[in-house]
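Student: sequence first, predicted model second:
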Amino acid sequence: MSVLRCFFIVLLIVITCDIALAQEDTDLVIIKINRIVFVPGNKYTFYIPTFEFHMLFQKKFETFRSAITADYDFRRKDMGFGMSHALYKYVINPGINIDDNLYFREVFSDSTGVWRRKQAITPFLYHELSENHAVGLAFKFEREWSPKRKMSAKIISNPDRSVKLYYLFQKRKANILEHTFYYFSFERSYKIFKGKYNFFLFETFLKHSREINKYIRYNGKYSFRGNLTSQKSPLFFLGGHTNLMGFNNDEFWGRRVFNSQNLLEIKPFPEFKFSMKDANFRRLSFLFQIDVGQVRGASRLKDLKLQNRDFKFGFGVGFGFNTDMPYMPATDVHFILACPSSDASDIKFYFGFGEWNI
């Protein structure tokens, strides 16, 4: 055990030792990163009016487990598909992730088009320190495609080769509504095997759910993602129900992003139950949500409009309930009205089922 930990420490030193040699390079890199952390179980979420759909299907076998993800956003035309396979019964477990995503963004300069296709193959190794703790090492081979807008027949290819070291902690209590998930990672990109980048990313993510009593439940999510060097780096986006409700989707972007979502669920009738034919309704809740977000680094990006570094606040109120439908798993349904703190009259409506966004 101690040998393995020493190995990860030495590897982290090797990954970070050449940061001091990084040269100033502020050219634009068009990379959309939106990592989603999944807890065990099969899940799906559907949002209206954006007609946005996310699905995760997992299957555990005797010595390995597999997962398939699918994402689609009708309004932005985004779509993605991924699969993952990994062993889980050994001291060090190998696995592989395969992702193919297509994004449409119109916030960039005329030098490129509005779509980006990102394909990645990520072999990884992970080791469970205990039932709730694990560390991992991932090697990403990614390629991003983008057209020249003025010469649409010309396609730009941006390869990325990186190494990521990560740690995660996950704990669930007997009450399935209470859980804690913590994750952090260091990712170093190298100009090897035709890679084009030398950025160094740090990411940390905390998700916590707690039932204060039978009437009140709190859900919190805190995240920071950012480049720690002046090298070319990914862009991170804020805005929309997934990280900053009340604002337009991807309204803010930068090289370093912080966001926090806080949802308070009030259950005035803890034992609420209602049936209609084969459908059952329960867990009626009033929802109060406050989102906070901040972007930095955008002011140095070429060909992009300036973005201020102020904290942005989004507020939402609504209600939700749980349903049991024929031929469908237990499903959360929610309705939320939200607005940004800067304009209380700019109301946005969120309706979704599958899981509340926190």
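Tutor: Received the coordinates, thanks. Predicted, not measured: the structure shown is a model, and the values here were computed from it.
Student: the nearest residue to residue 297 once chain neighbours are set aside and residue 296, how far apart?
Tutor: Spatial nearest neighbour of residue 297, excluding adjacent residues (C-beta to C-beta, 6 or more residues apart in numbering): residue 255 at 3.1 Å. Heads up, the C-betas are built off the backbone N, CA and C, glycines and all. Shown here: residue 255 relative to residue 296, a distance of 7 Å by C-beta to C-beta, to the nearest Å.
Student: between those two, what contacts are shared?
Tutor: Common contact partners of residue 255 and residue 296 (C-beta atoms under 8 Å, 6 or more residues apart in numbering): residue 226.
Student: give me the more crowded residue out of these two.
Tutor: Neighbours of residue 255 and residue 296, each counted by other C-beta atoms under 10 Å, are more numerous for residue 255; the result is 26 against 16.
Student: is it true that the more buried one touches residue 309?
Tutor: No - using C-beta atoms under 8 Å, residue 255 is not in contact with residue 309, being 11.8 Å away.
Student: now the common contact residues for these two.
Tutor: The contact lists of residue 255 and residue 309 share residue 296, where a contact means C-beta under 8 Å, 6+ apart.
Student: mind checking the end-to-end distance for stretch 121-134?
Tutor: The stretch stretch 121-134 measures 21 Å between its terminal residues, going by C-alpha to C-alpha, to the nearest Å.
Student: show me which residues of that stretch are buried.
Tutor: By neighbour count on 16 or more other C-beta atoms under 10 Å, the buried set for stretch 121-134 is 122, 124, 126, 127, 128, 134.
Student: list the helices and strands the host helix or strand of residue 161 packs on?
Tutor: Per DSSP states H and E, residue 161 falls inside strand 155-172. For strand 155-172, the elements it packs on are helix 2-16, strand 133-147, strand 179-190, judged by 3 or more C-beta pairs under 8 Å, 6 or more residues apart in numbering; DSSP states H and E.
Student: got CSV for the buried residues of stretch 121-134, with distance to residue 164, pLDDT and secondary structure too?
Tutor: Below are the buried residues of stretch 121-134 laid out as CSV (distance: C-beta to C-beta, whole Å; pLDDT from 0 to 100; DSSP: H, G, I helix; E, B strand; the rest coil):
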residue, distance to residue 164, pLDDT, secondary structure
122, 8, 94, strand
124, 8, 94, strand
126, 11, 90, strand
127, 15, 92, strand
128, 18, 89, strand
134, 14, 91, strand
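Student: alpha carbons of stretch 164-178, in CSV - could you do that?
Tutor: C-alpha atoms of stretch 164-178 as CSV (Å, rounded to 0.1, in the frame of the first residue of the first chain):
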residue,chain,number,x,y,z
LYS,A,164,-4.6,13.0,-15.0
LEU,A,165,-4.2,12.0,-11.4
TYR,A,166,-7.4,12.0,-9.3
TYR,A,167,-8.8,11.1,-5.9
LEU,A,168,-12.5,10.5,-5.0
PHE,A,169,-14.4,9.9,-1.9
GLN,A,170,-18.0,8.6,-1.8
LYS,A,171,-20.2,7.8,1.2
ARG,A,172,-23.9,6.8,1.3
LYS,A,173,-25.8,6.4,4.5
ALA,A,174,-28.7,4.1,5.3
ASN,A,175,-31.0,6.9,4.2
ILE,A,176,-30.6,6.9,0.4
LEU,A,177,-31.4,10.6,0.3
GLU,A,178,-28.1,11.4,2.2
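Student: in it, what counts as buried?
Tutor: 164, 165, 166, 167, 168, 170.
Student: got the contact list for it?
Tutor: 8, 11-12, 15, 39, 132-140, 179-188, 209-211, 217.
Student: drop anything exposed from those.
Tutor: For the contacts of stretch 164-178, buried by 16+ other C-beta under 10 Å: 15, 134-138, 140, 179-183, 185-188, 209, 217.
Student: surely residue 198 is in a strand?
Tutor: No - when DSSP: H, G, I helix; E, B strand; the rest coil is applied, residue 198 is found to be coil, with no strand at that position.
Student: next up, phi/psi of it, please.
Tutor: phi -130, psi 30 (degrees, to the nearest 10).
Student: and the pLDDT at it?
Tutor: On pLDDT, residue 198 comes in at 87.
Student: isn't it up against residue 230?
Tutor: No - the criterion here is C-beta under 8 Å, and residue 198 misses it with residue 230 at 10.0 Å.
Student: more neighbours: the two, which one.
Tutor: residue 198 (21 against 16).
Student: tell me how far the more buried one lies from residue 191.
Tutor: Between residue 198 and residue 191 the computed distance is 6 Å (C-beta to C-beta).
Student: please apply the same query to residue 136.
Tutor: Separation of residue 136 from residue 191 (C-beta to C-beta): 24 Å.
Student: ok so, going back, closest to residue 271 among the buried residues of stretch 164-178?
Tutor: residue 170 (29.8 Å; C-beta to C-beta).
Student: where are the low-confidence patches of the stretch 151-300 of the chain?
Tutor: Scanning the stretch 151-300 of the chain for pLDDT under 70 picks out 151-153, 174-177, 298-300.
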